[in-house]
Every structure is written in C-alpha cells, then in structure tokens.
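S.K.: Next come a sequence and a model predicted from it.
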Amino acid sequence: MLERAEPLCLLGAGKMGSALLNGWLGWGFDPGAVTVVDPGLDAARRTEFTDRGITVVSSMEEAGTREFRAVLLAVKPQMMGNVLPSTGVIAGPETLVVSVAAGIRLDMLGAAFPRSAVVRAMPNTPAQVGMGMTVAIGNERVTSDFHALAGALLEAVGKVAWIEDESLMDAVTAVSGSGPAYVFLLAECLAEAGRKAGLPADLAETLANQTVAGAGVLLDGGAIPAATLRQNVTSPNGTTAAALSVLMADDGLQPLMDRAVEAARLRSIELG
Ligand SMILES: NC(=O)C1=CN([C@@H]2O[C@H](COP(=O)(O)OP(=O)(O)OC[C@H]3O[C@@H](n4cnc5c(N)ncnc54)[C@H](O)[C@@H]3O)[C@@H](O)[C@H]2O)C=CC1
Ligand SMILES: O=C(O)[C@@H]1CCC=N1
C-alpha cells in the first residue's frame with residue numbers, strides 16, 4: 001500500500017514527471033516526503049516545487065545515498081543511459097523503481113537496479129488530473145507487496161492495466177501514451193475547420209475544446225461504447241451522417257490513425 005509520507009524520489013520533473021507528481025499531491029501525498037532530482041529546472045520551476053515543501057536537487061550526488069521507498073524515473077529515454085549508472089545507490093531491496101520511459105525495457109532497468117523491484121509503466125499526461133491511463137509490467141522482484149505499492153502509486157493518478165507480455169508496451173505507448181496528443185490535434189483541427197467555415201477564431205476554439213472535453217466525459221467509465229455514443233449523435237440523413245461519410249470513408253480517419261499508431265509503435269521500438 002502507499003503511505004502518504006513514504007520517501008519518494010522523482011528523477012526528471014518534466015511534463016510527465018510533473019503530471020504524476022501533481023496527481024500524487026492532489027491525492028494527498030505529503031510533499032515533504034518528495035525529492036525531485038532534475039538539473040534542468042529553471043529558478044521559477046524550482047521555486048514552484050520548493051514553495052510546496054518539495055526538496056529539489058540537481059544531481060544524484062546531492063540526493064545522497066539514502067534508499068527511497070519508491071523512485072520514479074521520468075527522464076527522456078535518450079538520457080537513461082547517463083542516468084541509470086548513478087541511481088543504483090538510492091534504490092535498495094525495499095525500493096520500488098518505476099520507469100515511465102518509452103522503449104526502455106525491463107531487462108535494462110533490472111540490470112541497473114539488481115537489488116530492487118522494477119516496474120516499467122506507460123502513463124499519460126491526463127494523470128495530472130487523476131484521469132491517467134497507465135499500463136504496467138513488473139520484473140521478477142515485484143512481490144505482491146511491491147505490486148500493491150506500484151498499483152497504489154499509479155492508481156492515484158488514474159486507471160491501471162497490468163500486462164504480462166512486455167512486447168505489447170510499444171503498441172500501448174502508441175495508443176494511450178501518445179494518444180492524448182492525437183485528441184488535442186483533433187481539437188485543433190476541428191477549431192481550424194470551424195474558422196474556415198466562417199466562425200470567429202475564439203468561438204471556433206471554444207466550441208472545439210468544449211466538444212472534445214464533453215465527449216471525453218461521456219466516454220469516461222466506459223459504460224457506453226464509443227460507437228454507441230457516436231450513433232447517438234447521428235440522425236438519419238442528418239448533418240453528422242454527412243460528416244461521417246467523409247471521416248469513415250475508405251481513405252478516412254481509420255487508415256490515417258492506423259498509420260499514426262504504427263509510426264509511434266515503431267519509434268518506441270527504436271527508442272529501446
Ligand atoms: N510526455 C508524455 O506524455 C509522456 C512521457 N513519457 C516518458 O516520460 C519521460 C519524460 O518525458 P517528458 O516528461 O515528456 O520529457 P521532459 O523533457 O518534459 O522531461 C524530462 C526532464 O528530465 C530532466 N532531466 C534531464 N537530465 C536529467 C538527469 N540527468 N537527472 C534528472 N533529470 C534530468 C529534464 O530537465 C526534464 O525536466 C520520457 O522517458 C517519456 O518517454 C511517458 C508517457 C507519456
Ligand atoms: O512522445 C514520447 O516519446 C512520449 C512517450 C509517450 C508520450 N510521450
């Protein structure tokens with residue numbers, strides 16, 4: 001289980017690391033128990049953290065040799081080679097290490113943290129508001145206690161699905177890890193199309209954003225399938241049917257999405 005004041009170290013407080021941290025603090029985690037290691041934070045970001053009672057350091061040396069209960073690795077995959085060798089000292093047999101780096105495999109993580117339980121996870125940025133989707137897989141050191149701890153950390157920021165086949169992680173990354181960006185692009189495109197249809201820019205943006213947000217809330221919980229929600233909007237021979245005849249044509253959204261997801265999946269493999 002997750003105690004609210006167990007020592008937790010976040011390596012890399014960029015977009016994803018901060019989203020997770022905000023989610024944990026929103027859940028009630030004690031900021032005084034958190035150490036952020038990030039050499040790239042500007043003064044304003046550092047102050048943002050320290051004002052909330054979080055300890056911020058620039059290097060692993062400054063973090064000391066204390067073993068944390070949980071270490072979250074949220075640096076770029078390309079940085080992992082530099083970061084991993086110096087992090088072993090803060091992770092002992094009682095430590096759970098969670099990496100969210102795209103493409104970085106469990107065997108690489110396990111080699112860097114031979115004494116610790118390691119979980120490879122793929123969250124997404126809606127974690128910031130407790131609406132994240134995370135897929136996770138643990139190595140052989142993840143006992144039921146560590147599994148519960150990882151589950152608690154990740155469930156504090158949204159839904160969690162555990163998998164047993166690591167090869168699925170590249171497709172997971174392409175669908176839910178990167179997926180929020182596709183939805184934001186949809187909102188941008190819808191607003192742009194509205195502008196082209198004659199709407200003032202700010203009104204077009206408001207309509208598009210609120211439509212995407214509202215549709216997302218209707219989807220939340222999964223009680224009603226997306227296809228049913230779509231059909232509920234579509235009056236026979238009406239305006240939606242006219243638009244969907246374009247979006248659902250043979251060269252419509254599906255083949256485009258297939259190509260986009262495949263490009264992301266292949267990139268995830270490359271990053272590993
Ligand atoms: N942004 C997203 O939506 C998602 C990102 N991820 C993964 O999260 C990781 C971080 O991605 P972002 O947050 O988007 O990148 P980012 O560039 O916003 O954050 C990376 C952070 O790491 C810091 N950093 C660089 N070198 C460091 C070091 N030696 N020690 C500690 N911190 C260091 C940087 O200063 C920066 O704040 C990546 O591995 C990515 O694959 C996973 C799921 C979703
Ligand atoms: O773009 C990326 O590589 C990361 C992984 C998933 C979302 N952002």
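M.R.: Structure received. Ligands and ions are numbered 1, 2, ... in the order given.

S.K.: Establish whether stretch 66-77 and ligand 1 are in contact.
M.R.: Yes. Contact of stretch 66-77 with ligand 1 (C-beta under 6 Å from any ligand atom) involves 74-77. (C-beta placed from N, C-alpha, C; glycine too.)

S.K.: excluding its backbone neighbours, what's nearest the closest residue to ligand 2 within the stretch 51-200 of the chain?
M.R.: Shortest the stretch 51-200 of the chain-to-ligand 2 distance, computed as C-beta to the nearest ligand atom: residue-wise this is residue 177, at 3.3 Å. Across the structure, with C-beta to C-beta, 6 or more residues apart in numbering as the measure, the residue nearest residue 177 apart from its sequence neighbours is residue 122 (4.6 Å).

S.K.: neighbours around that neighbour, how many?
M.R.: A count of neighbours around residue 122, defined by other C-beta atoms under 10 Å, yields 28.

S.K.: what sits against it?
M.R.: If a contact means C-beta atoms under 8 Å, 6 or more residues apart in numbering, then residue 122 has 100, 102, 134-136, 169, 172-173, 176-177 as its contacts.

S.K.: what's the answer for residue 138, then?
M.R.: Contacts were defined as C-beta under 8 Å, 6+ apart; by that measure residue 138 touches 106, 117-120, 146-147, 150, 162.

S.K.: of these, closest to residue 260?
M.R.: Proximity to residue 260 was ranked across the contacts of residue 138 by C-beta to C-beta; first place goes to residue 120, at 23.2 Å.

S.K.: Would you convert the contacts of residue 138 into CSV that also reports distance to residue 88?
M.R.: What follows is the contacts of residue 138, written out as CSV (distance: C-beta to C-beta, whole Å):
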residue, distance to residue 88
106, 16
117, 14
118, 12
119, 16
120, 17
146, 17
147, 22
150, 19
162, 26
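
S.K.: need those residues in TSV with pLDDT, neighbour count and distance to ligand 2, can you?
M.R.: Supplementary listing: the contacts of residue 138 in TSV, determined by pLDDT from 0 to 100; neighbours: other C-beta atoms under 10 Å; distance: C-beta to the nearest ligand atom, whole Å:
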residue	pLDDT	neighbour count	distance to ligand 2
106	96	18	17
117	96	25	23
118	97	29	18
119	98	28	16
120	98	26	13
146	96	22	24
147	96	16	23
150	95	25	19
162	98	16	19
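
S.K.: Out of those residues, which sit inside helices?
M.R.: Where the contacts of residue 138 overlap with helices, as defined by DSSP state H, the overlap consists of 106, 146-147, 150.

S.K.: if I look at the residue of the chain found nearest ligand 1, how far off is residue 56?
M.R.: For the chain and ligand 1, the shortest gap (C-beta to the nearest ligand atom) falls at residue 14, measuring 1.7 Å. For residue 14, the distance to residue 56 under the criterion C-beta to C-beta, to the nearest Å works out to 13 Å.

S.K.: So these two - more neighbours on which side?
M.R.: Each of residue 14 and residue 56 had its neighbours counted (other C-beta under 10 Å), and the higher figure belongs to residue 56 (19 against 14).

S.K.: Dihedrals phi and psi, that one?
M.R.: phi -120, psi 130 (degrees, to the nearest 10).

S.K.: and it, what does it touch?
M.R.: Taking C-beta under 8 Å, 6+ apart, one finds 13, 35-36, 38, 41, 46, 49-50 in contact with residue 56.

S.K.: As a check, name the ranges of all strands in the chain.
M.R.: Ranges of strands in the chain, per DSSP state E, are 8-11, 34-37, 55-57, 70-73, 96-99, 117-122, 132-138, 158-162.

S.K.: Paired strands for the shortest one, with orientation please.
M.R.: By that I understand strand 55-57. Each strand that strand 55-57 pairs with, and the sense of that pairing, follows from DSSP bridges: strand 34-37 (parallel).
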